[in-house]
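Chemist: Next input, structure requested:
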Amino acid sequence: MSIEVISVQKAMHSNAQQDSSSPMIIDLTGYALKPLDNRSALELFLNVTDRYRSSWLYLRGDMLAADFFKLSNRLCGELFQQCQTYGIKLIISDDFSRYESQALLDFQFEINKPGNFLLVNNLDDELAHVQTSTI
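Modeler: Numbering: from 1, shown residues only. Next up, the predicted model:
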């Protein structure tokens, strides 16, 4: 099954709603000029997923607040919990090797189990895996 990756601009300006049987990844990387706080990120996610209910949303880690992946401040867990509540499927790519946190590596391992979230090093590398999985 082929998965289409489209920009958020194309998704938001398209008149047609997505066919729920065809998986799609909506690339949010061209949206934010500055890092998103959790509230802004959730509002964006809800706006996009309102139209594309079965789609995955993709963004880079640098689009989020600088301390987003510092688990002690709870930003990451809070956003994932809100996404879970609203049924938002989210892929975040970042160079996770640059973080010297065993807790974050453990969190990444747990979050990448089958579900609604993926924390990946590179979307292009992950697409091959995604094409064959039940995204």
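Chemist: Low-confidence stretches in the chain?
Modeler: 1-3, 6, 8-23, 53-54, 125-126, 128-135 (pLDDT under 70).
Chemist: distance between the lengthiest helix in it and the chain's centre?
Modeler: Counting residues, the longest helix found in the chain (DSSP state H) is helix 38-51. Taking the mean of its C-alpha atoms, helix 38-51 sits 11 Å from the chain's own mean (Cα atoms, centre = their mean, to the nearest Å).
Chemist: Sheet partners, orientation included, of whichever helix or strand comes after it?
Modeler: Sequence-wise, the next helix or strand downstream of helix 38-51 (DSSP states H and E) is strand 56-60. Taking DSSP bridges as the criterion, strand 56-60 pairs within the sheet with strand 24-27 (parallel), strand 89-93 (parallel).
Chemist: now these as JSON lines including mean neighbour count?
Modeler: For every residue, glycine as well, the C-beta is placed using N, CA and C. What follows is the strands paired with strand 56-60, written out as JSON lines (neighbours: other Cβ atoms under 10 Å):
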{"stretch": "strand 24-27", "mean neighbour count": "22"}
{"stretch": "strand 89-93", "mean neighbour count": "23"}
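Chemist: Which among the ones you listed is found nearest to E100?
Modeler: Nearest of those to E100, taken as Cβ to Cβ: strand 89-93 at 18.5 Å.
Chemist: The closest one to helix 38-51, inter-axis angle?
Modeler: For strand 89-93 against helix 38-51, the angle by axes from the mean of the first three to the mean of the last three Cα atoms, to 10 degrees is 130 degrees.
Chemist: just checking, next helix/strand downstream of strand 89-93?
Modeler: Following strand 89-93 in sequence, per DSSP H and E, is helix 102-111.
Chemist: in the longest helix of the chain, what counts as buried?
Modeler: Within helix 38-51, the residues that count as buried by 16 or more other Cβ atoms under 10 Å are N38, A41, L42, L44, F45, V48, T49.
Chemist: didn't the fourth one look like it was pressed against Y31?
Modeler: It refers to L44. Yes - under the criterion of Cβ atoms under 8 Å, L44 makes contact with Y31 at 6.5 Å.
Chemist: And P35, how close does it get to F80?
Modeler: The spacing between P35 and F80, counted by Cβ to Cβ, to the nearest Å, is 17 Å.
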